[in-house]
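Student: For reference, the sequence and a predicted model appear below.
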Amino acid sequence: MVDINLSEAEKRYIIDGVKLGIRADGRGPLDYRELELETGVLDTANGSARVRLHRTDILVTVKMELEPPLPGRPNHGKLLFFVNCSANAAPEFEGRGGEELASRLSSVLERLYSDANAFNTAGLVVVPGKYVKAFYVDVEVLECGGNLFDVVSLGVKSALYATRTPRITITGEDGGELEFTLSDNPYDVDRLDVTNAPILITHLRISEGITIVDPTIEEEQCAPVSVVVGVAPNATICAVHLLGPGTIGPHTLKKALKGSAVLGAEIHARLIAKLKQEESIPDRRIRGFLG
Amino acid sequence: MNYRDSRRNCGPETATPIYVLKSPFNEKEEFLLNDGKRSDDRAPLEVRKMYFGVSNISQAKGSSYVELGSTKVVCGVYGPKEMAPSSIFKSTGQVLCEVKVAPFSSYVRRSPVPDRQVKELSMQVKDALEAAIILEEYPKAQIDVFLTVVEDSGGVLAACVTAASLALCDADIRMYDIVVAASVAWYNDRIYLDPSIEEEECIARAGERLATSKSSASSTEDELEGSNGSVTVALMPLYANGQVATMVMSGSVTAAKLQDGLDAALETCRKVYAIAKQVLIQRVSEAKLPEKLED
């Protein structure tokens, strides 16, 4: 990922600290940092969210299009993920440099949301067999400062939660072509069901038996491999991906998987609570990028 | 799937592709038949027949051919050679891994242009190999690994990882251990080893069926949903008491079931390892040793 140069001594300091149960910023191995979250930051998208976790900054937008369905799936909508790692986040991403990370991220997201229990595309349909709703989820990595996968997944869930699409009604037919009407009422909207949408929890493997969650960018430099676990709100695991060129012992892996399920359920509950709280604020002023 | 081939005679816009109507995956709802066997006459914890061969490409430094059931993968390894001038400098060696899935490999014709799935496959294989190769031994060098999936009938990632590591051994690339892979699936809470493509497809749609049945018939809280999903694990069985190099899982599985499945996959990996080792030993013992130079 992003390279910051750490000396061997600095790495040793971080690793030995973790082994003693103390991380450089004072957290325990399974402590998450506070994150900033705001939805509805863009008017041009049906749904958007910006998440900031320490020095990682992600903007997620959701746009809906009407499209013909996939062959054989006339009653299913589509959910497509595109990730862009811009060179703003890291000079390594310049040109095609960010492509590998971006395609990794989008394929993990795709796998995460592929199970119908996680996100059911059935019913996102306007005219069966002809027009279904396709949701394009675009993720823009604005700043890359550690724990990217978790932040992106939180952003995607928040943006999907905040997505509102105008209600579509079929008003008539004109020469075989159907006519649609979009509701003018800004409160007459369709929303997506994200009650079961999963999130990712990354465990960085420091040494055999010891993993930490929510690693900082410095900690990420100290270990070659991390386990990215997709967790649904009911603590089932819906995706696992081993990231990086290192290896991990089976026991450490199992411990990380078990830990993620518990932690994931808790983060889900908190995220939804915060999103509901934000939603309940009347005439909420959007803070956006001004600080 | 949503791909129109302009070089063929296309049907009218409103036509339904034949593979949708005649797909062998559409009807399969039941995994286990009445006699406790799977549709291909296997027990749930039985793997398909496998075959490993090495040194099948004469031009390559090392090569291998792997069959898992009717999944067929060919692998060629070239190098170590000088790093491509365009690549980013690294003091250790680099692995270039490219998986090609042949257009004729599956029931539906695949585009020869690699799609996202194929690119992901390449990256996953590369991750497993980078963990296994002693890259410090090859400073500033590049090792090319090319894989072709001739037929895809399930377990492609597992077959690719095993094939690549056999070919690397055949090319005398120094590695910590042979990395072998196996896949395991869950269907209605039951574990199945080495799922075929029909089973993989069936599992992918299982979640959908569960979701629709849940929304139509309002289910009670105590009704547990079954675990459905699949996982592929790559293991180096001897290196540091067994190390997992790749793990790719999808579906929806409880943490406890996942651990059981993982154990089953690791056990299968160890069995695959024994076969791989045997094949390599045979290759070494059969190899012609260079004749001693006369003084």
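Tutor: Received, thanks. In this text, all values refer to a predicted model and were calculated from it rather than measured experimentally.
Student: how far out from the middle of the chain is the host helix or strand of B:K119?
Tutor: Applying DSSP states H and E as the criterion places B:K119 in helix B:116-132. Relative to its chain's centre, helix B:116-132 lies at 10 Å (C-alpha atoms, centre = their mean, to the nearest Å).
Student: got it, and stretch B:44-57?
Tutor: For stretch B:44-57, the distance to the chain centre is 12 Å (C-alpha atoms, centre = their mean).
Student: what comes into contact with it?
Tutor: By C-beta atoms under 8 Å, 6 or more residues apart in numbering or on different chains, the residues outside stretch B:44-57 that reach it are B:32, B:38, B:40, B:42, B:62-69, B:74, B:76, B:155, B:162-163, B:166-167, B:169-170, B:182, B:190-194, B:196, B:264, B:268, B:271-272, B:275-276, B:279-280, B:283. The C-beta positions use only the backbone N, C-alpha and C, and glycine is treated the same way.
Student: among these, which are in helices?
Tutor: If you go by DSSP state H, those have B:162-163, B:166-167, B:169-170, B:264, B:268, B:271-272, B:275-276, B:279-280, B:283 in helices.
Student: so A:R55 sits right up against A:G146, yeah?
Tutor: Yes - between A:R55 and A:G146 there is a contact under C-beta atoms under 8 Å: 6.9 Å.
Student: Give the buried subset of the contacts of stretch B:44-57 as a PyMOL selection command.
Tutor: Here is the PyMOL selection string for the buried members of these, based on 16 or more other C-beta atoms under 10 Å in any protein chain shown:
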select buried, chain B and resi 38+42+62+63+64+65+66+67+68+69+74+76+155+162+163+166+167+169+170+182+191+192+193+194+196+264+268+272+276+279+280+283
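Student: out of the ones in helices among the contacts of stretch B:44-57, which one sits closest to chain A?
Tutor: B:A264 (11.9 Å; C-beta to the nearest C-beta).
Student: Quick check: the closest one touching B:L193?
Tutor: Yes - using C-beta under 8 Å, B:A264 is in contact with B:L193, at 6.3 Å.
Student: Residues that sit against both of those two, list them.
Tutor: B:L45, B:V184.
Student: what about the strands in the stretch 151-291 of chain A?
Tutor: Secondary structure of the stretch 151-291 of chain A (DSSP state E, counting those that start in this stretch): strands at A:164-166, A:168-174, A:177-182, A:189-191, A:199-207, A:210-213, A:226-231, A:237-243.
Student: Which single one of the ones in helices among the contacts of stretch B:44-57 is nearest to B:V150?
Tutor: B:A163 (10.9 Å; C-beta to C-beta).
Student: quick one: contacts for that closest one?
Tutor: B:A163 neighbours (C-beta under 8 Å, 6+ apart): B:F52, B:S64, B:Y65, B:V66, B:V73, B:V74, B:C75, B:L147.
Student: Report the distance from the longest helix seen in chain A to the chain centre.
Tutor: Longest helix in chain A, counting residues (DSSP H): helix A:250-280. Centroid separation for helix A:250-280 versus its chain: 13 Å, with C-alpha atoms, centre = their mean.
Student: and the angle from it to strand A:199-207?
Tutor: 140 degrees (axes from the mean of the first three to the mean of the last three C-alpha atoms, to 10 degrees).
Student: name the helices or strands packed onto helix A:250-280?
Tutor: The criterion is 3 or more C-beta pairs under 8 Å, 6 or more residues apart in numbering or on different chains; DSSP states H and E, and the helices and strands that helix A:250-280 contacts are strand A:36-39, helix A:148-162, strand A:199-207, strand A:210-213, strand A:226-231, strand A:237-243, strand B:243-253, helix B:255-286.
Student: who in the stretch 51-200 of chain A is up against chain B?
Tutor: Applying C-beta under 8 Å from any C-beta of the partner chain, one finds that the stretch 51-200 of chain A approaches chain B through A:70-72, A:100, A:103-104, A:106-107, A:110-111, A:114-118, A:120, A:122.
Student: and with 10 Å instead?
Tutor: The interface of the stretch 51-200 of chain A toward chain B, taken as C-beta under 10 Å from any C-beta of the partner chain, is made up of A:67-76, A:78, A:81, A:92, A:97, A:99-100, A:103-104, A:106-108, A:110-112, A:114-123, A:129-130, A:193, A:196, A:198.
Student: Quick one: name whatever helix or strand follows the helix or strand of chain B with the lowest mean pLDDT.
Tutor: Lowest by mean pLDDT, DSSP states H and E among the helices and strands of chain B is helix B:18-22, with a mean of 65. Next along the chain after helix B:18-22, taking DSSP H and E as the criterion, comes strand B:50-54.
Student: partners of that following strand, with directions?
Tutor: Pairing partners of strand B:50-54, with direction, according to DSSP bridges: strand B:62-68 (antiparallel).
Student: could you dump the partner strand to CSV, C-alpha only?
Tutor: Output in CSV follows, covering the C-alpha atoms of strand B:62-68 (Å, rounded to 0.1, in the frame of the first residue of the first chain):
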residue,chain,number,x,y,z
GLY,B,62,9.4,-25.3,-14.9
SER,B,63,5.9,-26.3,-15.7
SER,B,64,3.0,-28.3,-14.3
TYR,B,65,-0.4,-29.7,-15.1
VAL,B,66,-3.1,-30.1,-12.5
GLU,B,67,-6.5,-31.7,-12.7
LEU,B,68,-9.1,-31.6,-9.9
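Student: average model confidence for that strand?
Tutor: Average pLDDT, strand B:62-68: 95.
Student: do stretch A:244-253 as well
Tutor: Here the average pLDDT along stretch A:244-253 is 91.
Student: What residues of it count as buried?
Tutor: A:G244, A:P245, A:G246, A:T247, A:I248, A:G249, A:P250, A:T252, A:L253.
Student: can you give me how far it is from the chain middle?
Tutor: The answer for stretch A:244-253 is 23 Å, by C-alpha atoms, centre = their mean.
Student: circling back: same for the helix holding B:K119, what does it pack against?
Tutor: When contacts are defined as 3 or more C-beta pairs under 10 Å, 6 or more residues apart in numbering or on different chains; DSSP states H and E, helix B:116-132 sits against helix A:99-112, strand A:237-243, strand B:94-101, strand B:141-151, helix B:156-170, strand B:180-187, strand B:228-236, strand B:243-253.
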